[in-house]
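J.: sequence and predicted structure, then a few things I'm wondering about:
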Amino acid sequence: LCREEASALSSLKPQLEELGVPLVAVVKEDIGTEIRDFRPHFAGDIYIDEQKRFYGPVQRRMGGLGFIRLGVWQNFMRAWRSGYQGNMNGEGFVLGGVFVIGPADQGILLEHREKEFGDKVDTADVLEAVKKIVPVK
C-alpha cells in the first residue's frame, strides 16, 4: 500500500521541483531488497530511520485485527487492481504518514497519519500545503 501512495506522491515531483521543495521518504527498515523494490515507485530521496525516531516516542500500530476492517480490505483491493503488490517482509504493522514540513519556524504545514492500512493522503492537499512554504532567504 505504501508503494501506491509513493507513486501518487511521485506524480507531484515536477510541481515540487518547480517550487524548490524536495520529495523525501523516511522508512523504518531495509530488509533484503525492500528499498530497491520500492525505488521504482518513489521519485525522491529515501532515508532509513533505523532507530525509528521519526515515528515518534510511541509508534502508531495496527495489529492483526486490522485485517478484519472493511476499509483495509477495500484499500488492499484498490491497490491490487491498480497493479501494486507489497511485500510481507519485516515489521508491517506500523502505520505511516505524510508530512509537509516548512523551513525554519514554519513547522508542519500538513500532517496526514494513516488511520488504517492504505489510508492515503490527498495529493491535492499535499500540493496546497507545499504552496504555503515560504523559502528561507
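T.: Arrived safely. What you are looking at is a predicted structure, and each value in this text was computed from that prediction instead of being measured.

J.: hmm, Cys2 and Glu114 touching each other?
T.: No. Counting by CB atoms under 8 Å, Glu114 stays clear of Cys2, with 9.3 Å between them. Using the backbone N, CA and C atoms, a C-beta is placed for each residue, glycine as well.

J.: joint contacts of the two?
T.: Here Glu114 and Cys2 have Gly96 as joint contacts, going by CB atoms under 8 Å, 6 or more residues apart in numbering.

J.: all helices of this structure, in order?
T.: Using DSSP state H, the helices of the chain run over 2-10, 13-19, 34-38, 70-81, 123-130.

J.: lowest average pLDDT across the ones you listed?
T.: For the helices of the chain, mean pLDDT drops lowest on helix 70-81, to a mean of 69.

J.: and Pro103, how far is that from Val21?
T.: From Pro103 across to Val21, the span is 10 Å (CB to CB, to the nearest Å).
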